[in-house]
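Asker: fold the stuff below for me.
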Amino acid sequence: MEFSNPFDDPEGQFYILQNAQQRFSLWPQQCALPQGWQVVAEPQPQAECRAWLAGQWQNLTPAHFAR
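Answerer: Next comes the predicted model:
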């Protein structure tokens, strides 16, 4: 099955990105990286990205509320 939106492709390769506010994003490998975001992990399958996030993202409180 072909996906028209690369963010929805469960078989795609995704970067894990993080911004200055400590937010994470899965970003499709074929899309240009957005400004203000840093690569935390090189492209890998979506399932591996989600497993990494589950192990790293311990606090769901937004950074501006945590202060």
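Asker: could you give the separation of the lengthiest helix in the chain from the chain centroid?
Answerer: In the chain, with assignment by DSSP state H, the single longest helix is helix 46-56. Mean-position distance between helix 46-56 and its chain equals 9 Å (Cα atoms, centre = their mean, to the nearest Å).
Asker: what lies in contact with it?
Answerer: Outside helix 46-56, the residues that touch it by Cβ atoms under 8 Å, 6 or more residues apart in numbering are 9-12, 14, 16, 24, 26, 41, 44. Heads up, the C-betas are built off the backbone N, CA and C, glycines and all.
Asker: out of the residues you listed, who's the most crowded?
Answerer: Counting neighbours by other Cβ atoms under 10 Å, the top entry in these is residue 14, with 24 neighbours.
Asker: run a quick neighbour tally on the residue nearest to residue 18 when sequence neighbours are not counted.
Answerer: Leaving out its chain neighbours, the residue that sits closest to residue 18 by Cβ to Cβ, 6 or more residues apart in numbering is residue 40, at 5.0 Å. Residues near residue 40, counting by other Cβ under 10 Å, number 15.
Asker: check contacts around residue 40.
Answerer: So residue 40 contacts 15-18, 24 (Cβ under 8 Å, 6+ apart).
Asker: rerun at 7 Å
Answerer: Counting by Cβ atoms under 7 Å, 6 or more residues apart in numbering, residue 40 makes contact with 16-18.
Asker: look up how far residue 17 lies from it.
Answerer: Residue 40 sits 6 Å away from residue 17, going by Cβ to Cβ, to the nearest Å.
Asker: equivalent analysis for residue 58, please.
Answerer: For residue 58, the distance to residue 17 - Cβ to Cβ - is 18 Å.
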